[in-house]
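[1] mind looking at a prediction? Sequence and model below.
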Amino acid sequence: MTGFLAVLWLVGIIVSMLISIPRGNAVIGFIVGLLLGPLGILVVLFISDRRPRCMHCKQLVEADDVICPHCRKETRLSRIPGR
Ligand SMILES: [Zn+2]
């Protein structure tokens with residue numbers, strides 16, 4: 001039973017990280033997976049994506065994108081005041 005739980009926990013850590021890496025939250029994904037195991041997967045799914053979104057088409061853009069690669073308009077969202 002302990003072995004099964006350990007595998008389940010390890011899967012939780014790996015999946016949490018795999019979800020978090022493309023979102024720029026790799027460390028958070030690892031910590032959440034480590035603390036919560038399989039439940040961490042659910043948590044990281046609800047942690048908001050830290051990448052900025054285009055204000056026109058709502059697609060994800062890179063933080064340093066000035067022109068949205070999806071709709072070709074100025075993103076501007078990457079310049080959030082106070083960050
Ligand atoms: Zn766009």
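    Nice, thanks for sending it over.
[2] give me the buried positions along the host helix or strand of Gly3.
    Take DSSP states H and E as the rule and Gly3 turns out to sit in helix 2-20. Using 16 or more other Cβ atoms under 10 Å as the test for burial, helix 2-20 gives Trp9, Gly12, Ile13, Val15, Ser16, Met17, Ile19, Ser20. For the C-beta atoms, the positions are set from N, CA and C on the backbone; glycine is no exception.
[3] helices or strands up against it?
    For helix 2-20, the packing partners by 3 or more Cβ pairs under 8 Å, 6 or more residues apart in numbering; DSSP states H and E come out as helix 26-36, helix 38-46.
[4] need the ones you listed in JSON lines (columns: distance to Leu5 and mean neighbour count).
    Conversion of the helices and strands packed on helix 2-20 to JSON lines gives the following (distance: least, Cβ to Cβ, whole Å; neighbours: other Cβ atoms under 10 Å):
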{"stretch": "helix 26-36", "distance to Leu5": "13", "mean neighbour count": "18"}
{"stretch": "helix 38-46", "distance to Leu5": "10", "mean neighbour count": "16"}
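[5] closest one to the ion among those?
    Ranking these by proximity to the ion (Cβ to the ion) places helix 38-46 first, at 23.8 Å.
[6] check the model's average confidence along the closest one for me.
    Averaging pLDDT along helix 38-46 yields 90.
[7] can you give me the angle it makes with helix 2-20?
    Going by axes from the mean of the first three to the mean of the last three Cα atoms, to 10 degrees, helix 38-46 is angled at 10 degrees with respect to helix 2-20.
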